[in-house]
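*Asks:* What follows is a predicted protein model with its sequence.
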Amino acid sequence: PVDMGPTRSDLSGRQDAANEKAGSGERAWGNDQPARPLKVSAGHFAKCLSGDSDVDVALFIAACQKYCKVLTLIGPFTLLSIREVNSNMKKIEHSFELAPLRYRSMRELLEAEAAAGMHQPGGLIVDPSAAMGLLWARRGLQFWIIIYRELLTQHDIQEAASYTQAEISSGSSPRINKVVNLKEIVERSYATTLQPFFGWLSHNSMLLALRAVPAEFPVLAPTKAELLEDLREWSDVVSQVVERMAAMQEELDLEDKRKSI
C-alpha cells in the first residue's frame with residue numbers, strides 16, 4: 001500500500017478514542033479536530049447540492065470556510081490557498097447579502113449579476129463580484145480534487161504492482177511500498193488547474209508556497225484505509241458541486257479566462 005506518512009493517531013497516541021466515532025468522522029482528536037476531517041468536509045459540501053443542478057450559496061460559503069480547517073492540517077503551504085478562499089468568500093458574500101433568501105440559489109445570484117450588466121460579453125467578469133469569487137473558488141476546489149484523485153490512483157497502481165510481484169515470485173517477496181511524492185502531485189495539479197490563469201505575481205507567490213509542500217500526505221484519519229475512503233468521498237462529492245458551478249458559469253457567459261495579476 002502507499003505510504004502516505006505517519007498517521008495523526010500515531011502522533012497523538014489516541015487511536016482508541018479516535019475510533020469511537022470514526023465512522024461518522026465526528027470524534028475529536030483532543031484538539032477540536034474531527035477524527036476524519038475530509039469525511040466531515042465531504043458532508044458539508046454534499047449539503048450544498050440543491051435540486052438537480054443548483055448549489056446553495058450559504059451552505060457553499062460555510063463548506064469552503066470549514067474546509068480551510070482541513071487545509072491547515074495538510075501543511076503550511078496551504079496558507080496561500082486559505083487566504084484565497086477567504087478572499088473569494090468575501091466577494092460572494094457581498095452580493096449574497098443583498099438578498100440572502102433569493103440568492104441562496106447560486107443560479108439566481110449569477111443571473112442577477114448578469115442581468116444587472118455588471119459583466120461584459122465574452123466572459124469578462126468584474127472584480128470584485130460574486131461571479132469572480134465563485135469562479136476562483138471552483139478552480140481552487142478542482143486543484144484539490146485532482147490532488148486527492150492522483151493520490152488514490154498512485155495507491156491503486158502500487159497495490160496492483162505489489163499483487164503482481166507476489167503472484168510471480170517464488171516464496172515471499174517484499175511488498176512494493178514506494179512513497180508517493182506529494183510535492184510532485186501538487187505541482188502537476190497546479191499546472192493544470194491554476195497556473196493557466198495565474199499572472200506573474202500570483203504564480204510567483206504559488207512557487208514560494210510549493211517550496212513548503214511536504215514529501216508525504218498526512219493520514220487525516222485513524223487508519224490509512226479510512227483516509228483513502230475519505231479522499232474518494234470528498235473528491236466525488238466536491239466534483240458534483242464543481243460540475244454544477246461550471247455548467248452555470250459557462251451557460252451565463254461567466255467563464256473568465258484572463259490571467260490574474
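*Replies:* Great, that's in hand.
*Asks:* wait, residue 79 sits on residue 208?
*Replies:* No: counting by C-beta atoms under 8 Å, residue 79 sits too far from residue 208 to count as a contact (10.4 Å). In this view, the C-beta of every residue, glycine as well, is placed from N, C-alpha and C.
*Asks:* Pick out whichever of the two has more residues nearby.
*Replies:* residue 79 (14 against 10; other C-beta atoms under 10 Å).
*Asks:* which SS state does that one fall under?
*Replies:* In three-state terms, and counting by DSSP: H, G, I helix; E, B strand; the rest coil, residue 79 is helix.
*Asks:* what's the closest non-adjacent residue to residue 75?
*Replies:* Of all residues not flanking residue 75 in the chain, residue 214 sits nearest, at 5.2 Å (C-beta to C-beta, 6 or more residues apart in numbering).
*Asks:* Helices along this protein, start to end?
*Replies:* Counting by DSSP state H, the chain has helices at residues 8-12, 15-19, 37-46, 57-74, 79-96, 106-115, 130-168, 182-193, 200-210, 224-251.
*Asks:* Of those, flag the one that's most buried.
*Replies:* Of all those, helix 37-46 carries the top mean neighbour count, a mean of 22, counting by mean count of other C-beta atoms under 10 Å.
*Asks:* can you list contacts of it?
*Replies:* For helix 37-46, the surrounding residues in contact (C-beta atoms under 8 Å, 6 or more residues apart in numbering) are 24-26, 34, 59-60, 62-63, 66-67, 69-70, 73, 220-221, 226-227, 229-231, 233-234, 237-238, 241.
*Asks:* Just the CA trace of that helix, in CSV.
*Replies:* C-alpha atoms of helix 37-46 as CSV (Å, rounded to 0.1, in the frame of the first residue of the first chain):
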residue,chain,number,x,y,z
PRO,A,37,-11.8,15.8,8.7
LEU,A,38,-12.1,15.0,5.0
LYS,A,39,-15.2,12.9,5.6
VAL,A,40,-16.8,15.7,7.6
SER,A,41,-15.9,18.2,4.9
ALA,A,42,-17.4,16.0,2.2
GLY,A,43,-20.7,16.1,4.2
HIS,A,44,-20.6,19.9,4.3
PHE,A,45,-20.2,20.0,0.5
ALA,A,46,-22.9,17.4,0.0
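*Asks:* mean confidence for it?
*Replies:* If you average the pLDDT over helix 37-46, you get 99.
*Asks:* How about stretch 250-261?
*Replies:* On average, stretch 250-261 scores 96.
*Asks:* show me what contacts residue 193?
*Replies:* 139, 142, 143, 146.
*Asks:* leaving aside the residues next to it on the chain, what's closest to it?
*Replies:* In space, residue 193 is closest to residue 143, 4.4 Å off (C-beta to C-beta, 6+ apart).
*Asks:* Show the pLDDT at that neighbour.
*Replies:* Per the predicted model, pLDDT is 99 at residue 143.
*Asks:* re the thing from before, if you average pLDDT over each of the helices of the chain, which comes out lowest?
*Replies:* helix 15-19 (a mean of 39).
*Asks:* Okay, buried residues for stretch 111-130 please.
*Replies:* Across stretch 111-130, burial judged by 16 or more other C-beta atoms under 10 Å covers 111, 112, 113, 118, 119, 123, 125, 129, 130.
*Asks:* what about the fourth one, distance to residue 93?
*Replies:* Pointing back at residue 118 there. Distance, residue 118 to residue 93, by C-beta to C-beta, to the nearest Å: 16 Å.
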